[in-house]
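**Q** make a model of this:
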Amino acid sequence: MKRTRVLLSEASSLTAREFTTVLGRSGVEVEAVSPASTPILRFSRWCRQVHRTPSPSVDPAGYLHRVDALMATGRFDALLPTHEQAWLFAAGRDLLPHASMAVASLDAFDRVQSKIAFAALMDSLGLPQPAWHPVDAEQDLAALGFPVWVKAAFSTAGRGVAYASNLDEARSIWHRFTSGAPTLVMVQAPAPGRYAQVQGLFDRGLLIAAGVSEQLVAGAGGSAAARLSVDHPEAVEAIAALGGHLGWHGGLTLDYLHADGHPSFIECNPRTIEPGNAFAAGVNLPVLATDLATGGELPIEPRITRPGVRTRSTMAIALGAAERRRTRRAILASVRDAIGRRPPLRDSREMLTPVLADPPSLIPFSVAVGSVLARPAMVNSLATRTVGSYAVTPQAVDRLRRRRPRSDADERCPRPAGNDGRTDG
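**A** Numbering: from 1, shown residues only. Here you go, the predicted model:
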């Protein structure tokens, strides 16, 4: 029997690495595209090949043409967006005639890709979030008092979000965010509670799977480098309402803070984020996304992760320690605690670089951890360089939008031919 083969939209992010781990363990063959010469997926036995492409931000049309040429070979069953390329695929859908993929309309992306547009949408739907205010002038920085989070409308990997405890700090952050290309900014009040995420996979607005987890250990940029799956039905209900309102197709992730499972939403990522914990907790989002893209069987009722499952990403934990503490001792201690599965990581499962199952993954782990051990402050430049290889800018999307010959209504392609039934379990 022919094995399923998928093409990932990039090869440098932690999400792409976790997609590869999950797909590889599921018997799916993986290839990827990347403008970088040595992305992290080069070092995985589960990634058969990484194909070079133009940068999706510098040459978005060239990137899409290269992706479509690969899909036109017929070697791949599905194209899976693992980061902001999902936004680019929506904007340049007409340049991907050979791609089987599950991606929402550009109109839907426009309502959630911008932090400001997302906050306005959440207000209109009555979904809980901290107070916020757009910043049109410097005096707006103090509209909510202090402290506040200052957020650029468009950013990735936590690089456009900063905490300001007073007006001087807010001014400094605002000027930093707006010093280059014109950038819209908002301020948002802090919210109490623990940081968590809910991931949803949608078939034209219908929720087919969800994973919910909270942060156990922070990585670089405040990300969740270790996770615990949790039972938060209010979060699942909220993402189902949002996805249904938008008619969302594909992956969608909401970040929130919670007290006893009651969420206050702070961020939207219109894609699937790091699916390893959901996989360990019983929901295989990458395989379901492949089924969604190819017309495979889908569950009748949404599959929801079981609570109580711990996962970790040791490399990400070390990078988070380097960013926060800036000492070799702290980095080494974080690696020791992760590998030794010390609390809160007891019984946790490695999802990012599972060296025993995927020996080549030791190479990027050693390089990244060795680099920050040699020079802890290097973590910022390392993260910036990595993010730069897969980030998609609003300017790139606008370039595609200006040349698009079709309207958003034309984007709603029929589901690929195949078994349109849904199965239990």
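**Q** which stretches of the stretch 151-300 of the chain form strands?
**A** 161-164, 185-188, 194-203, 206-218, 224-229, 250-259, 262-269, 298-299 (DSSP state E, counting those that start in this stretch).
**Q** let me have the ones you listed in a markdown table, extended by mean pLDDT.
**A** Below are the strands of the stretch 151-300 of the chain laid out as a markdown table (pLDDT from 0 to 100):
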| stretch | mean pLDDT |
| --- | --- |
| strand 161-164 | 93 |
| strand 185-188 | 96 |
| strand 194-203 | 98 |
| strand 206-218 | 97 |
| strand 224-229 | 97 |
| strand 250-259 | 97 |
| strand 262-269 | 97 |
| strand 298-299 | 96 |
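**Q** any chance of those strands in CSV with distance to Leu88 and mean neighbour count as columns?
**A** C-beta here means a position set from N, CA and C on the backbone, and glycine is covered the same way. CSV is the format used below for the strands of the stretch 151-300 of the chain (distance: least, Cβ to Cβ, whole Å; neighbours: other Cβ atoms under 10 Å):
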stretch, distance to Leu88, mean neighbour count
strand 161-164, 22, 18
strand 185-188, 23, 22
strand 194-203, 19, 24
strand 206-218, 24, 24
strand 224-229, 25, 25
strand 250-259, 13, 23
strand 262-269, 15, 20
strand 298-299, 25, 19
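**Q** between those strands, which one is nearest to Val148?
**A** strand 185-188 (4.4 Å; Cβ to Cβ).
**Q** what's the closest one packed up against?
**A** Using 3 or more Cβ pairs under 8 Å, 6 or more residues apart in numbering; DSSP states H and E, the elements in contact with strand 185-188 are helix 115-125, strand 132-135, strand 148-152, helix 167-178.
**Q** so what's the residue count around the nearest residue to Ser26 once chain neighbours are set aside?
**A** Of all residues not flanking Ser26 in the chain, Val287 sits nearest, at 5.3 Å (Cβ to Cβ, 6 or more residues apart in numbering). By the measure other Cβ atoms under 10 Å, the count of residues near Val287 is 20.
**Q** still on that earlier bit, for the strands of the stretch 151-300 of the chain, give me a markdown table that also has distance to Phe146.
**A** Below are the strands of the stretch 151-300 of the chain laid out as a markdown table (distance: least, Cβ to Cβ, whole Å):
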| stretch | distance to Phe146 |
| --- | --- |
| strand 161-164 | 7 |
| strand 185-188 | 9 |
| strand 194-203 | 21 |
| strand 206-218 | 23 |
| strand 224-229 | 26 |
| strand 250-259 | 18 |
| strand 262-269 | 17 |
| strand 298-299 | 46 |
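**Q** between those strands, which one is closest to Arg3.
**A** strand 298-299 (20.3 Å).
**Q** chain center to the closest one: distance?
**A** The chain centre lies 23 Å from the centre of strand 298-299; the measure is Cα atoms, centre = their mean, to the nearest Å.
**Q** that one: partners in the sheet, and parallel or antiparallel?
**A** Applying DSSP bridges, strand 298-299 is found paired with strand 422-423 (parallel).
**Q** what mean pLDDT does the strand it pairs with get?
**A** Across strand 422-423, pLDDT averages out at 35.
**Q** for Gln49, which of the strands of the stretch 151-300 of the chain is the nearest?
**A** Comparing these by Cβ to Cβ, strand 250-259 comes nearest, at 23.7 Å.
**Q** what's the spacing between the spatially most central residue of the chain and Val387?
**A** Residue closest to the average C-alpha location in the chain (Cα atoms, centre = their mean): Ile273, at 3.4 Å. According to Cβ to Cβ, to the nearest Å, Ile273 stands 14 Å off from Val387.
**Q** how about Pro81?
**A** Counting by Cβ to Cβ, the gap from Pro81 to Val387 is 16 Å.
**Q** show me which of the two is the more surrounded one.
**A** Between Pro81 and Val387, Pro81 has the larger neighbour count (other Cβ under 10 Å), namely 27 against 20.
**Q** pLDDT value on the more buried one, please?
**A** 97.
**Q** that one against Ser9, yeah?
**A** Yes. With contact defined as Cβ atoms under 8 Å, Pro81 counts as touching Ser9 (4.5 Å).
**Q** what residues are shared contacts of those two?
**A** Phe89 (Cβ atoms under 8 Å, 6 or more residues apart in numbering).
**Q** for the chain, just list every one of the helices.
**A** 14-25, 60-72, 85-91, 106-110, 115-125, 167-178, 233-246, 276-280, 285-294, 314-325, 328-339, 362-374, 379-390, 394-403 (DSSP state H).
**Q** report the buried residues of the fifth one.
**A** Think helix 115-125. Buried residues in helix 115-125, counted by 16 or more other Cβ atoms under 10 Å: 115-119, 121-122.
**Q** how about the contacts made by the residue nearest to Asp231 when sequence neighbours are not counted?
**A** Nearest residue to Asp231, sequence neighbours excluded (Cβ to Cβ, 6+ apart): Pro307, at 4.2 Å. Counting by Cβ under 8 Å, 6+ apart, Pro307 makes contact with 212, 228-231, 281.
**Q** and those, which is closest to Arg401?
**A** Within the contacts of Pro307, the smallest distance to Arg401 is 33.5 Å, found for Val212 (Cβ to Cβ).
**Q** just the pLDDT for the closest residue to Asp110 other than its chain neighbours.
**A** Spatial nearest neighbour of Asp110, chain neighbours left out: Ala117 (6.7 Å); criterion: Cβ to Cβ, 6+ apart. Note on Ala117: pLDDT of 96.
**Q** got it, and the one 4 residues further on?
**A** Model confidence at Leu121, given as pLDDT, is 98.
**Q** dump the helices and strands packed on strand 185-188 into TSV; add distance to Thr327 as well.
**A** Output for the helices and strands packed on strand 185-188, formatted as TSV (distance: least, Cβ to Cβ, whole Å):
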stretch	distance to Thr327
helix 115-125	33
strand 132-135	35
strand 148-152	26
helix 167-178	24
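**Q** so which of those is nearest Gly200?
**A** So among the helices and strands packed on strand 185-188, helix 115-125 is nearest, using Cβ to Cβ, at 14.6 Å.
**Q** tell me what the closest one is packed against?
**A** Going by 3+ Cβ pairs under 8 Å, 6+ apart, helix 115-125 lies up against strand 185-188, helix 233-246, strand 262-269.
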